[in-house]
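Trainee: Okay, structure incoming, though there's no sequence with it:
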């Protein structure tokens, strides 16, 4: 969720976003199967349902998606180029170089 300077009722919007990031809200959502995105609530969430523990552990190194319109295309390029490297069919440097060349071209055409 986000809002901008042009958001009508910005104070109310901020309070709502703030509420959705609270411990009460995040753990309440865990009780109905929605995983928290806040690492500081991961242990409490796993106590609600041990199923979440593996995913909670991943929050320590998780990163947000790229905040650009081409994020899906970048993901597709990375998947296409890196899977063969993970399978040992091409070298990692070769895969990354190919992906970087394609992503650079994609971003250059969409400035």
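Mentor: In hand now; what should we look at? What you are looking at is a predicted structure, and each value in this text was computed from that prediction instead of being measured.
Trainee: Every contact and neighbour count from this point should use C-alpha atoms.
Mentor: OK.
Trainee: per-residue confidence averaged over stretch 74-90?
Mentor: For stretch 74-90, the mean pLDDT works out to 96.
Trainee: Kindly report the same for stretch 11-27.
Mentor: 93.
Trainee: Counting neighbours, which bits of that stretch end up buried?
Mentor: For stretch 11-27, burial by neighbour count (16 or more other C-alpha atoms under 10 Å) applies to 13, 23, 26-27.
Trainee: Just the endpoints, please. Distance across it?
Mentor: End-to-end distance for stretch 11-27, by C-alpha to C-alpha, to the nearest Å: 24 Å.
Trainee: ok, back up a step: list just the nearest of the buried residues of stretch 11-27 to residue 62.
Mentor: residue 26 (17.5 Å; C-alpha to C-alpha).
Trainee: Distance check, the residue nearest to the closest one when sequence neighbours are not counted against residue 7.
Mentor: For residue 26, ignoring the flanking residues on the chain, the nearest one in space by C-alpha to C-alpha, 6 or more residues apart in numbering is residue 36 at 5.5 Å. Noted for residue 36: a distance of 26 Å to residue 7, by C-alpha to C-alpha.
Trainee: What of residue 93?
Mentor: Taken as C-alpha to C-alpha, the span from residue 93 to residue 7 is 45 Å.
Trainee: middle-most residue in this protein, spatially?
Mentor: Centroid-nearest residue in the chain: residue 64, 3.2 Å away (criterion: C-alpha atoms, centre = their mean).
Trainee: Please tell me the pLDDT value assigned to that residue.
Mentor: Looking at residue 64, its pLDDT stands at 78.
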